[in-house]
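> Model the structure of this input:
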Amino acid sequence: MTDKPHSPALSNSTVSSHDRPPVQDSESYRLVASAVQAAEDRKGADLVVLRVEEVSYLADYFVIVTGFSRVQVRAIAQAIQAQVEVDLDRHPVRVEGLSEGIWVLQDYGDVLVHILMPEEREFYSLEAFWGHAERIDLSAIANSSVSS
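Model (predicted):
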């Protein structure tokens with residue numbers, strides 16, 4: 001096994017996502033803002049948005065929110081889906097866990113929305129698992145959705 005030298009020209013031209021703000025006019029960011037607003041409207045708790053585009057091929061953003069009952073988890077999921085459809089005319093590529101209402105995953109391709117009961121959120125600790133991802137300030141998201 002041989003070690004390849006690191007290319008300095010390549011590393012100097014690469015800009016980490018941590019060094020640049022989220023592109024607020026991107027469709028991914030608008031989807032995040034729409035999902036956050038819908039989750040807040042349904043009293044979702046402990047909202048966290050992670051920008052994972054630099055650390056994962058799965059998506060650009062994760063939205064993570066807690067619901068305190070199966071009914072609330074489902075209501076948050078349905079509200080997000082309806083709001084994103086109204087705002088962006090987009091539907092999730094896939095939805096998992098809606099019938100159980102314990103952990104709902106909405107896959108929009110570029111944005112993954114996780115709605116979890118408190119026990120599941122604590123157990124799976126997505127924020128810790130993706131701790132190297134950038135956490136997006138929710139006040140910036142709120143301000144961008146108000147101005148658009």
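> Next up, the contacts around residue 46.
64, 65, 66, 121 (C-beta atoms under 8 Å, 6 or more residues apart in numbering). (Each C-beta comes from the backbone N, C-alpha and C, glycine too.)
> Tell me the one among the residues you listed nearest to residue 47.
residue 65 (5.0 Å; C-beta to C-beta).
> related to what we said a few turns ago, what about the contacts of residue 46, which one has the most neighbours?
residue 65 (27 neighbours; other C-beta atoms under 10 Å).
> which element is that residue on?
strand 61-66 (DSSP states H and E).
> and that strand, average pLDDT?
The average pLDDT for strand 61-66 rounds to 98.
> Where do the helices of this structure begin and end?
8-13, 27-41, 70-88, 118-124, 126-129, 138-147 (DSSP state H).
> Show me what the mean pLDDT comes to for the first one.
Averaged over helix 8-13, pLDDT sits at 35.
> which ones are touching residue 115?
39, 44, 65, 66, 67, 73, 76, 77, 80, 103, 104, 106.
> hmm, try it at 6 Å
Contacts for residue 115 (C-beta atoms under 6 Å, 6 or more residues apart in numbering) come out as 65, 67, 73, 76, 77, 104.
> Just give me the neighbour total for the closest residue to it other than its chain neighbours.
Leaving aside its chain neighbours, residue 115 sits nearest to residue 104 (4.4 Å; criterion: C-beta to C-beta, 6 or more residues apart in numbering). Using other C-beta under 10 Å, the number of residues around residue 104 comes to 26.
> just residue 129 next, same as before
Using other C-beta under 10 Å, residue 129 is surrounded by 9 other residues.
> try residue 99
The burial count for residue 99: 10, using other C-beta under 10 Å.
> Now do the same for it: its pLDDT.
So residue 99 comes in at 97 (pLDDT).
> measure it to residue 66 for me?
Distance, residue 99 to residue 66, using C-beta to C-beta, to the nearest Å: 19 Å.
> related to what we said a few turns ago, from the contacts of residue 115, which is closest to residue 57?
Distances from residue 57 to the contacts of residue 115, taken by C-beta to C-beta, are shortest for residue 104, at 22.1 Å.
> Now do the same contact list for that closest one.
With C-beta under 6 Å, 6+ apart, residue 104 has these contacts: 73, 77, 97, 98, 115.
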